[in-house]
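J.: Below is the sequence, then the predicted model.
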Amino acid sequence: MGMPHSYNDDLRLAHVLADNADALSMERFHAVDLQVSTKPDMTYVTDADTGVEETIRRTLKSARTRDAVLGEERGSASGSIEDSERRWIIDPIDGTANYVRGVPVWATLIALADGEEVVASCVSAPALGRRWWASKGGGAFTGKSLMNAKPCRVSKVDDIADALFAYSSLGDWEHIGKLDQVVALMRRCWRTRGFGDFWSYMLLAEGAVDIAAEPELAVWDMAALDVIVREAGGSFSGLDGRDGPWGRNALASNTHLHDAAMAYLGHFPDTDGSPWPVRAAPVDNVRQLDKHRRPDRDG
């Protein structure tokens, strides 16, 4: 049996890419001349978003000539995503709305997919002074650098009533017809908080959060988070039960609570011929669960 593949060199490169991204994004954070525009999907894009992605692409073009690159701002502009086994997936600034408003909760997400699996990633949040990374079989870590890090491990909470659930905008859940279900889950959990974006999943990887979910996402929002959560001992899937970041939404957990959370939030895939199974069907709505609500779990 051959030796397992090491992605250490790719992980070191991801840190270099993150260092360069941090320098540019922090220079433009709070800049009075920051250029902000609105994309067709009504989300923000700034000159920092485009500048960070261009910087990453330039480095990858010389350092990984055969790899494809998929980025939020320019799509697939380097190599062929269909023909290349190795694909770098980039979100130059995850949390652009926060960035624009001066809220420090934003990050650059850098992931490498080999085939249909994300095998290495780095999430860098310079305004928070935090960074997280992982590689397949190598574990998940947080710290200032590869040489100054501590391991990430998910929590051992195994009862929804003891769980901390991190969610995104309730309006987005309403948009996909899941508002009753997500509120029902919130009512059964010990505590809920709207940390948002990448941060929910990194806190989950550290064991501070037990369940995190978002209803509407793109692959560049999720790819870098996926391998960090998994290497920390957690589970990462779409609401359709398909493992990985390849769907249109995300449910992450400490693994112990994944099926229980899926029972509230999961759904069958759209009629697109998808073969992926569903872990569980949705259950009670808000009104049916009122009788189960625990007064001491309301805060």
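T.: Good, I have the coordinates.
J.: The stretch 101-250 of the chain: strands as residue ranges?
T.: Under the criterion DSSP state E, counting those that start in this stretch, the stretch 101-250 of the chain contains strands at 107-114, 117-125, 130-135, 139-145, 148-151, 164-167, 191-193, 211-214, 235-237, 250-253.
J.: Mean pLDDT added to those, as a markdown table?
T.: Compiled in a markdown table, the strands of the stretch 101-250 of the chain are given as follows (pLDDT from 0 to 100):
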| stretch | mean pLDDT |
| --- | --- |
| strand 107-114 | 98 |
| strand 117-125 | 98 |
| strand 130-135 | 98 |
| strand 139-145 | 94 |
| strand 148-151 | 94 |
| strand 164-167 | 96 |
| strand 191-193 | 96 |
| strand 211-214 | 97 |
| strand 235-237 | 98 |
| strand 250-253 | 97 |
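J.: Let me know which of those is the nearest to Q181.
T.: strand 211-214 (10.3 Å; C-beta to C-beta). Glycine gets a C-beta too; all of them are placed from N, C-alpha and C.
J.: would a markdown table of the strands of the stretch 101-250 of the chain with mean neighbour count be doable?
T.: Output for the strands of the stretch 101-250 of the chain, formatted as a markdown table (neighbours: other C-beta atoms under 10 Å):
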| stretch | mean neighbour count |
| --- | --- |
| strand 107-114 | 28 |
| strand 117-125 | 25 |
| strand 130-135 | 26 |
| strand 139-145 | 17 |
| strand 148-151 | 12 |
| strand 164-167 | 23 |
| strand 191-193 | 16 |
| strand 211-214 | 27 |
| strand 235-237 | 23 |
| strand 250-253 | 27 |
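J.: Let me have the ones you listed in JSON lines, extended by distance to A97.
T.: What follows is these, written out as JSON lines (distance: least, C-beta to C-beta, whole Å):
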{"stretch": "strand 107-114", "distance to A97": "13"}
{"stretch": "strand 117-125", "distance to A97": "15"}
{"stretch": "strand 130-135", "distance to A97": "19"}
{"stretch": "strand 139-145", "distance to A97": "24"}
{"stretch": "strand 148-151", "distance to A97": "30"}
{"stretch": "strand 164-167", "distance to A97": "16"}
{"stretch": "strand 191-193", "distance to A97": "18"}
{"stretch": "strand 211-214", "distance to A97": "14"}
{"stretch": "strand 235-237", "distance to A97": "23"}
{"stretch": "strand 250-253", "distance to A97": "18"}
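J.: Would you tell me which of the ones you listed gets closest to T59?
T.: strand 107-114 (10.5 Å).
J.: Can you give the strand pairings for that closest one, parallel or anti for each?
T.: Next to strand 107-114 in the sheet, as set by DSSP bridges, lie strand 86-94 (antiparallel), strand 117-125 (antiparallel).
J.: any idea how far the closest residue to W246 other than its chain neighbours is from V118?
T.: Excluding the flanking residues, the one nearest W246 by C-beta to C-beta, 6 or more residues apart in numbering is V219, at 6.5 Å. Distance, V219 to V118, using C-beta to C-beta, to the nearest Å: 10 Å.
J.: list residues touching both of the two?
T.: Listed as contacting both V219 and V118 by C-beta atoms under 8 Å, 6 or more residues apart in numbering are 89, 245.
J.: Which parts of stretch 58-70 count as buried, going by neighbours?
T.: Within stretch 58-70, the residues that count as buried by 16 or more other C-beta atoms under 10 Å are 60, 64, 67-70.
J.: Hmm, R101 and H30 touching each other?
T.: No. Counting by C-beta atoms under 8 Å, H30 does not reach R101; the two are 10.4 Å apart.
J.: tell me which strands and helices the lengthiest helix in the chain is in contact with?
T.: If you go by DSSP state H, the chain has its longest helix at helix 8-28. In this structure, helix 8-28 packs against helix 47-63, strand 86-94, strand 107-114, strand 117-125, strand 130-135, with contacts taken as 3 or more C-beta pairs under 8 Å, 6 or more residues apart in numbering; DSSP states H and E.
J.: Run through who's touching the fourth one.
T.: If I follow you right, that is strand 117-125. Contacts of strand 117-125 (C-beta under 8 Å, 6+ apart): 5, 7, 10-11, 14-15, 17-18, 21-22, 89, 104-113, 130-136, 198-199, 202, 223-228, 244-245.
J.: Pull it out as CSV, backbone CA atoms only.
T.: C-alpha atoms of strand 117-125 as CSV (Å, rounded to 0.1, in the frame of the first residue of the first chain):
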residue,chain,number,x,y,z
GLU,A,117,-12.5,16.5,-2.4
VAL,A,118,-11.2,19.7,-0.7
VAL,A,119,-7.7,18.6,0.6
ALA,A,120,-6.2,21.8,2.0
SER,A,121,-7.3,25.3,3.0
CYS,A,122,-6.4,28.4,4.9
VAL,A,123,-8.9,30.9,6.4
SER,A,124,-7.3,34.2,7.3
ALA,A,125,-9.1,37.0,9.3
